[in-house]
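Asker: Let's see this in three dimensions:
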Amino acid sequence: MTGTKEKSMEIRFIERGAEGSQRLWGIASPEICGTRFPGVLRDRLQPTLRHLPAGFTLDSYLDGQDRLSLLIARGLVSWVRKVGAHGRIEFNGAEYPVSRKLEHQYVVATLSTHHRRVFIKYEGKLIKSFPFPLTGEVIKPLC
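Answerer: Model prediction:
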């Protein structure tokens with residue numbers, strides 16, 4: 001690509017990027033990416049993507065039964081879930097009762113690893129919280 005073509009594509013992207021949805025469309029647009037095939041784009045960007053170190057292996061994190069036993073860092077993990085017909089949501093292989101009043105609405109379930117609890121919020125307001133069993137020690141974040 002020539003520098004002029006790159007610059008004109010960059011300008012077009014910025015002009016379209018006034019709204020988030022247009023910005024996301026602009027990133028995936030064939031005229032911006034130069035292709036409509038994700039594999040071609042991945043191959044082109046491969047040298048600039050971050051990769052695992054050459055000797056990396058998960059062997060040191062396997063327990064005696066060949067299950068992964070990873071460290072858990074203090075922090076938050078969130079899921080967006082639609083409340084089912086019986087007022088329940090499902091994540092991480094378990095069902096949690098929320099409220100029948102919220103049937104067919106979306107809620108945010110946030111796991112606090114430090115508190116070992118899941119907090120359920122609807123429109124920014126706390127609806128419920130549940131204990132969440134975590135095995136192992138919760139460590140400080142590495143960075």
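Asker: ok, the residue nearest to residue 89 when sequence neighbours are not counted - contacts?
Answerer: Closest residue in space to residue 89, ignoring its immediate chain neighbours: residue 81 at 4.1 Å, by Cβ to Cβ, 6 or more residues apart in numbering. C-beta: built from backbone N, CA, C; applies to glycine. With Cβ atoms under 8 Å, 6 or more residues apart in numbering as the criterion, the residues that contact residue 81 are 89, 90, 91, 106, 107, 109.
Asker: any idea which of those has the most stuff around it?
Answerer: With neighbours set by other Cβ atoms under 10 Å, the maximum within the contacts of residue 81 is found at residue 109, which has 24 neighbours.
Asker: name the element it belongs to?
Answerer: Using DSSP states H and E, the element containing residue 109 is strand 106-112.
Asker: ok, residues contacting the helix or strand just after that strand?
Answerer: On the C-terminal side of strand 106-112, the closest following helix or strand by DSSP H and E is strand 117-122. Outside of strand 117-122, the residues that reach it under the criterion Cβ under 8 Å, 6+ apart are 89, 96, 98, 102, 105, 107-112, 126-132.
Asker: Tell me the strands beside strand 117-122, with direction?
Answerer: Strands that pair with strand 117-122, judged by DSSP bridges, come out as strand 106-112 (antiparallel), strand 125-131 (antiparallel).
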